[in-house]
Every structure is written in C-alpha cells, then in structure tokens.
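[1] This is the structure alone, sequence omitted:
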C-alpha cells in the first residue's frame, strides 16, 4: 500500500473522531442518566483542547525522535483512548478519554503532514499533500454519515470501537513504511524556536484568518438551512456533503501549485475564497444556491490548506513537526474563537451577515499573500 494512501487514511481516522460525536450526541446521552446532548458535546470541546495543547508541546518532540516514530506513538494513544471511549462507564470517563484522544491527534496531524513532505517525489510536494488532505473528505463523509448509521444499527460504542480498530490497523501499516530519513534536531525543538523561523509568522496569521472564517460560518450552516430556510436535517447534511465533495474533487488541481509555486498561487486562492463568502452572503436565501456555493467553498478551502501547510512544511526540515504543531494549535484556537465570536454575531446579523464577516476575516490572508509575492523567496532552513 502506497505511503500517501496510508497517510490519507490516517487523516481520515483522526478527522472522523473530531466529527462523529455531533450526530450521535443524543444517543450517547441516553446511556448516561441525567445527561443531554449538550453535556456530551463537552467531550468534543475537551478533545479540541487536548489536540491544541498536544500540537503545541508534544509535536516538537517528533523533530527529535523522527516523524514515523511519532506517528506510531500517536496511533497507539489514539487506539487506547478510543477503546476507552467505547467502554466508558460514565460521561466523565468519556470526556477524559476524548481528551486523551485529542493528545494523540495533536501529535498525529503534524507527523502526517511532515511525512507527506518526506515521501513526496521532488517537485510534487503539493500534489502529494493534496492527496493526503483528501483524508478530510473521507472523515467528513464517513464521520458524519457512517457514524450515525453504525450507531443506529449497532450502538454508539461501536463507532469508537471501529475507529480504535482502524487505528491499530494503521499502526501496522505505518510500521512497515519505508520513510526516507530526513534531518532531525539534535535536541528537542520548542514552540518558541519554531515560531522564530523566518516566514512562520505571516503564514500563521493566514491560518488564523482562514480557520476563523471557516469554522465561524460552518458552525451555523446547518442552523441556517433548517431554522431560517426551513429545510429538513437531511438537506442540511447535503450541504456538508457538498462541501466535502468539493474538497475532494479539486485534488487534481494541486499540481498547479507545484507548477506555479505556493507564493504565486496564494493571492489567487485567498482572493477566490473571499469572493466565495461574498457569494454565500448574496445567495444565502436560496437553498440550492447555498449548496452550489458549498461545493465551491470546499474546493477553494482544499487549495488554501494545501498552500498553507505546504509553505510551513518547507520552511525548516529539522523543525518541521514543531512548525506544523503551531499550525494545528492555531487551527484549534481559531476554531474556538471563531465559533464563539460568530455565535454572538449570528444572533444579531444572521447567516448572511456572518458570511460577509468571514470574507472580512480572510482579507488579512489576502494582504499577506500579496505582500509575500513581492518579497524574496525564502530558502528552507535546516
């Protein structure tokens, strides 16, 4: 099995766990007396916090021990924590288990992205990374759809048990991977040393803007489709599916980033993303139009993620995991901040208003991309 497909599946498993709890929260709550779906979703918040902290403080250790070894450790943590989630006798244990799962995810994601760069043929880094990123489509489709079916046919505990088994199978596949040994740090790197690498700060600003805009709008997409436009939950699910399809089908265009370079592609992609949010605002009263825009949204977001992760991966080989750990931490901080701030805005200006707010959020990324286009190209540091 090719390394890129193994890494894609690894992204799928990690991403699925971050998504599965929402559609099955009500059923999970019935297993714990006196609890409701909102109580269960606390586990999702703890998962996000665990991921952010792990990416910040544990991911830098991967630069010392090697990315493959770090991913094996991460998959071991994931398997154990998911098994604990499946057998949790109380909601408290489930919440703790999801926090531990987040620790594994925070170590896994930077290792996966870093390995994608290591196994990629020279000159095809963006195309390879694009295939790995398609794992998020797998997690979106499987995480949202199959988890609900599995919970309905068998039990919600089966969802976590299946993901634990998938983590074990991935561990066996990763252990057999022949990964080129790249430069490693002689001592443990740190978030601070990674933050000081030339070129990291402006890309992280773009990441924060990009993620706040995405999560702030995506969090209220389903509510807009059901509460405002009057569609059923099935149609709201189709909106998420349209986003996932768009995210996946655009992967063949990743080779254009390799051809023209991330620095030249970034202003175009981030500019297009701004227009997508403006379109979403302008056409927000039409359910059909929203579905079409979601398809475009997924495709543009895929290209944007590829550019940002690719740029960060190339900045320093020996501190790659620490830098990508900063990326993951920034992502989850932006997710929490964006969702919280947009919640207040949504109650005042509605979905079409927050879509325009998302467009405004992306503008710093557009400005930064244009600024970097006029700067000398940074050479990767060792």
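    Right, received. Where do you want to start? The structure presented is a predicted model; accordingly, all values stated were derived computationally and were not measured. Numbering: from 1, shown residues only.
[2] how about the nearest residue to residue 350, chain neighbours excluded?
    The shortest distance from residue 350 to any non-neighbouring residue, by Cβ to Cβ, 6 or more residues apart in numbering, is to residue 228 (7.2 Å). Quick note: C-beta positions are derived from backbone N, CA and C, even for glycine.
[3] ah, wrong one, I meant residue 40
    Per Cβ to Cβ, 6+ apart, closest to residue 40 is residue 25, 4.3 Å.
[4] Kindly indicate whether that neighbour is helix, strand or coil.
    helix (DSSP: H, G, I helix; E, B strand; the rest coil).
[5] Over to residue 31: give its phi and psi.
    phi -80, psi -10 (degrees, to the nearest 10).
[6] Check residue 316 too.
    Dihedral angles (degrees, to the nearest 10) for residue 316: phi -160, psi 120.
[7] From residue 73, how far out is it?
    22 Å (Cβ to Cβ, to the nearest Å).
[8] sorry, back to before: now that the residue nearest to residue 40 has come up, it's in contact with residue 35, right?
    No: Residue 25 lies out of contact with residue 35 (Cβ atoms under 8 Å); the separation is 9.9 Å.
[9] Now do residue 356, the pLDDT please.
    With respect to pLDDT, residue 356 has a value of 97.
[10] got any ranges where this protein has weak pLDDT?
    1, 142-145, 148, 180-189, 233, 375-382 (pLDDT under 70).
[11] Outline the domain layout of it.
    3-175, 191-373 (automatic domain parsing).
[12] all helices for the stretch 251-382 of the chain, in order.
    For the stretch 251-382 of the chain, the helices defined by DSSP state H, counting those that start in this stretch cover 254-260, 262-282, 287-315, 320-373.
[13] Quickly compare those helices and say which is most buried.
    Highest mean neighbour count among the helices of the stretch 251-382 of the chain (mean count of other Cβ atoms under 10 Å): helix 287-315, with a mean of 22.
[14] and it, what other elements does it pack with?
    The contact analysis (3 or more Cβ pairs under 8 Å, 6 or more residues apart in numbering; DSSP states H and E) places helix 287-315 against helix 91-119, helix 125-133, helix 200-218, helix 233-249, helix 254-260, helix 262-282, helix 320-373.
[15] and of those helices, who's closest to residue 77?
    helix 91-119 (3.4 Å; Cβ to Cβ).
[16] ok, now how distant is residue 175 from residue 118?
    The separation that residue 175 has from residue 118, given Cβ to Cβ, amounts to 16 Å.
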